[in-house]
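In: dropping a prediction and its sequence here:
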Number of protein chains: 2
Amino acid sequence: MTHITLAHGNGGHYMRQLIEEIFAAKLGNSVLDASADAATLPALEGELLMSVDGFTVKPLEFPGGNIGSLSIHGTVNDLSVCGAIPRFLSLSAIIEEGLELELLERVISSMADAAKEAGVEIACGDTKVVPKGEGSGVFFTTTGIGVRQPGLSLNMSNIKAGDAILVSGSVGDHGTAIMLAREQFGLKGDIQSDAASVLPLCQALFDLPGLRFMRDPTRGGLATVLHEIHQSTALGIRVKQTQIPVRDPVTSVCEILGYDPMYLACEGRVVAVVDPAESQQALERWRQLPQGKEAQVIGHLDSKTARVVLETEIGGERMLEELEDDPLPRIC
Amino acid sequence: MTHITLAHGNGGHYMRQLIEEIFAAKLGNSVLDASADAATLPALEGELLMSVDGFTVKPLEFPGGNIGSLSIHGTVNDLSVCGAIPRFLSLSAIIEEGLELELLERVISSMADAAKEAGVEIACGDTKVVPKGEGSGVFFTTTGIGVRQPGLSLNMSNIKAGDAILVSGSVGDHGTAIMLAREQFGLKGDIQSDAASVLPLCQALFDLPGLRFMRDPTRGGLATVLHEIHQSTALGIRVKQTQIPVRDPVTSVCEILGYDPMYLACEGRVVAVVDPAESQQALERWRQLPQGKEAQVIGHLDSKTARVVLETEIGGERMLEELEDDPLPRIC
């Protein structure tokens, strides 16, 4: 058989084969027991964090990643920015009848590589098959359990006026890479998604006393994270356009298509809010990492500003409004 | 707005509103923080179990339940049959553009009721919206964390020849209810799904020293659970047709449509394997519970039999083969 059939989801012989030959073969570890209804986790010392993400990205494979690696990175990153070391993940796959088995294998292989790199294990899984036309290739959902770094409490309520805002790398790469991969615009480029584990970036700041809060800008991009901080803290935000790293090909594509990179998803970047006295130290730590070379201090929290304000290249000001319309569905 | 739009999934204003007004409003608790990337779990004493299930049932609402309550029951049940008390669940929703908001609200309300009844809290959630035609109403995935009952180790490797096999109630109700709810067969009946939490049934046996193993027969039904036990233990199985509870309307519908209730999904039943010396005690405990009134000892493990054998009403024998074709997709 070369493609997924409904029988791969019925609980019987073909489903057992699919699970054994693809899922368990590639993702197997000492915790995963494909024949049990639940996995027993090894003892975990410390405070546990739990996070969940659904993945619906289209196309399933794109420059710089695929839905498999993305499904690991997304949940690993949500735990990492909360100050936890990710440990165990659950995996649910909702597969559409007709999906190529070779494609599924590639995607699950990338998932296994990403899990290994991030130091997480798939503890349990579930697969469902829906009839052709009632799904879209495959949707994954991962739930992660992590252990909070002792003593670390990252929360928007820690944020104070004057705090510095940093971003770990260029913004909009993932969103632009997905757009181009869809080929619906007839544009080609060498833009790669930034999708990656941000655990090393987060760990680099874990022991910085002035670290207040971190978040990875995914759906809605950097602008949406700034809005979430603004709404939660009731503090204004000022960011400088010249400080926000955007790669030239991303700028070009966005200009042609009328998108704003500030609102496009990243999948391997971190926004950090830190005590201004420690912003240079945080920046240096990030720049020492391969994934943090383009890190920048992009702005600060400002009690005299009522909105999220972008100071433009030419010296003007532009309000960054909260996202209303969807610029790009199925980005993650 | 009366229906889900793509903007409900973009990370911006409408998504925040959807999460606050439906998901957080109905499922909110002290652990869930819709503004955080991960939830902090309260300290849990004991060994942790983790289980995941994806839910794709069609139609979304059916006699006896809906996809919301089912998404709670499914994961609660997987933890319960493994000997754990379910505590926290994550929830991922992959919603199709165009879904009626009122339907979503009903389903999330049922989810809240089912969670309350089972004593679990939704710790974290994620929503995605896919364009019309790329999903099917809504798919949910829940991952549960439970605490193993101290000293309890349920595993197929505990099973011995001679052990008794019990089922807690009638089989095939859920599968038949879903078939009828689809209305594609032009049949009507008053068959209700058996979908429910099996935690009370499992807890009733937790302290029985001769309890070897439990499983809830979902996809593939009772026959598939028997096959899983047979394959794992390499022991034959003999069950008596006259002892297997099947409701009359289920038998009638299955006869008309050519289905076998042995292969149809249940969503609120338990199959238990126990020391034969304790089978009557187990049976009595179940029959004292409202959901166990129809419980039966249906057969036993038999080292002299090489297959899964059904002793028929008229005194013959029939092999229950492993499921090959899918009798009914999107049953759960």
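Out: Alright, I've got the coordinates.

In: which one's the longest strand in chain A?
Out: Counting residues, the longest strand in chain A under DSSP state E turns out to be strand A:84-96.

In: just the buried positions in the following helix or strand past that one, please.
Out: Following the chain from strand A:84-96 toward its C-terminal end, the next helix or strand by DSSP states H and E is helix A:101-118. Within helix A:101-118, the residues that count as buried by 16 or more other Cβ atoms under 10 Å in any protein chain shown are A:101, A:103-104, A:107-112, A:114-115, A:117-118. For the C-beta atoms, the positions are set from N, CA and C on the backbone; glycine is no exception.

In: make a markdown table out of these and add distance to chain B and pLDDT.
Out: Listed next are the buried residues of helix A:101-118 as a markdown table, based on distance: Cβ to the nearest Cβ, whole Å; pLDDT from 0 to 100:
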| residue | distance to chain B | pLDDT |
| --- | --- | --- |
| A:101 | 17 | 97 |
| A:103 | 17 | 98 |
| A:104 | 15 | 98 |
| A:107 | 16 | 98 |
| A:108 | 16 | 98 |
| A:109 | 20 | 98 |
| A:110 | 20 | 98 |
| A:111 | 14 | 98 |
| A:112 | 17 | 98 |
| A:114 | 18 | 98 |
| A:115 | 15 | 98 |
| A:117 | 20 | 97 |
| A:118 | 15 | 98 |
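
In: ok, these vs residue A:267, which is closest?
Out: For these, the residue nearest residue A:267 by Cβ to Cβ is residue A:114; the value is 11.3 Å.

In: in contact with that closest one, which residues?
Out: A:68, A:69, A:72, A:73, A:76, A:197 (Cβ atoms under 8 Å, 6 or more residues apart in numbering or on different chains).

In: if you set the cut-off to 6 Å instead, what comes out?
Out: A:69, A:72 (Cβ atoms under 6 Å, 6 or more residues apart in numbering or on different chains).

In: ok, now residue A:76?
Out: The neighbours of residue A:76, taking Cβ under 6 Å, 6+ apart as the test, are A:86, A:118, A:197.

In: before we move on, what about residue A:101?
Out: Residue A:101 makes contact with residue A:2, according to Cβ under 6 Å, 6+ apart.

In: try 8 Å
Out: Residue A:101 makes contact with A:1, A:2, A:3, A:4, A:22, according to Cβ under 8 Å, 6+ apart.

In: of these, which is the most crowded?
Out: Highest neighbour count within these, by other Cβ atoms under 10 Å in any protein chain shown: residue A:4, with 25 neighbours.

In: roughly how far does the nearest residue to that residue once chain neighbours are set aside sit from residue B:162?
Out: Nearest residue to residue A:4, sequence neighbours excluded (Cβ to Cβ, 6 or more residues apart in numbering or on different chains): residue A:99, at 4.4 Å. Residue A:99 sits 44 Å away from residue B:162, going by Cβ to Cβ, to the nearest Å.

In: compare the two (neighbour count), which wins?
Out: Neighbours per residue (other Cβ under 10 Å) separate residue A:99 from residue B:162, with residue A:99 holding more: 22 against 13.

In: that one contacts residue A:139, correct?
Out: No. Residue A:99 is not in contact with residue A:139 according to Cβ atoms under 8 Å; the separation is 11.0 Å.

In: find the nearest non-adjacent residue to residue A:192, please.
Out: That would be residue A:64: by Cβ to Cβ, 6+ apart, it lies 3.6 Å from residue A:192.

In: number of residues surrounding that neighbour?
Out: 20.

In: what helix or strand is the nearest residue to residue A:40 once chain neighbours are set aside located in?
Out: Counting by Cβ to Cβ, 6+ apart, the nearest residue to residue A:40 once its immediate chain neighbours are dropped is residue B:49, at 5.7 Å. Using DSSP H and E, residue B:49 sits in strand B:48-55.

In: give the partner strands of the helix or strand that that strand is followed by in its sheet and their orientations.
Out: Downstream of strand B:48-55, the next assigned helix or strand under DSSP H and E is strand B:61-62. If you go by DSSP bridges, strand B:61-62 pairs up with strand B:65-66 (antiparallel).

In: so for stretch A:209-226, what gets flagged as buried?
Out: For stretch A:209-226, by 16+ other Cβ under 10 Å, it's A:210-226.

In: near chain B, which of the residues you listed show up?
Out: Restricting the buried residues of stretch A:209-226 to those within reach of chain B (Cβ under 8 Å from any Cβ of the partner chain) leaves A:215, A:216, A:218, A:219, A:220, A:221, A:224.

In: who are the contact partners of the fourth one?
Out: Neighbouring residues of residue A:219 by Cβ under 8 Å, 6+ apart: A:265, A:331, A:332, B:9, B:10, B:11, B:15.

In: give me every residue that touches residue A:47.
Out: Neighbours of residue A:47 in contact, by Cβ under 8 Å, 6+ apart: A:147, A:148, B:40, B:41, B:43.

In: does the residue lying closest to residue A:204 once chain neighbours are set aside fall in a helix, a strand, or a coil region?
Out: Nearest non-adjacent residue to residue A:204, counting by Cβ to Cβ, 6+ apart: residue A:285, 4.4 Å away. State at residue A:285, reduced to three classes by DSSP: H, G, I helix; E, B strand; the rest coil: helix.

In: any idea how many residues pack against residue A:285?
Out: 18.

In: hang on, it packs against residue A:203?
Out: No. Taking Cβ under 8 Å as the definition, residue A:285 is not a contact partner of residue A:203, at 9.7 Å.

In: can you map out the strands along chain A?
Out: A:39-40, A:48-55, A:61-62, A:65-66, A:84-96, A:121-130, A:138-148, A:164-167, A:211-215, A:236-240, A:271-274, A:296-302, A:308-311, A:317-319.

In: make CSV from those and add mean pLDDT to it.
Out: What follows is those, written out as CSV (pLDDT from 0 to 100):
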stretch, mean pLDDT
strand A:39-40, 96
strand A:48-55, 98
strand A:61-62, 96
strand A:65-66, 98
strand A:84-96, 98
strand A:121-130, 96
strand A:138-148, 98
strand A:164-167, 98
strand A:211-215, 98
strand A:236-240, 98
strand A:271-274, 98
strand A:296-302, 98
strand A:308-311, 97
strand A:317-319, 94
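
In: figure out which of those strands is closest to residue A:28.
Out: Across the strands of chain A, closest to residue A:28 is strand A:121-130 (Cβ to Cβ), at 8.3 Å.
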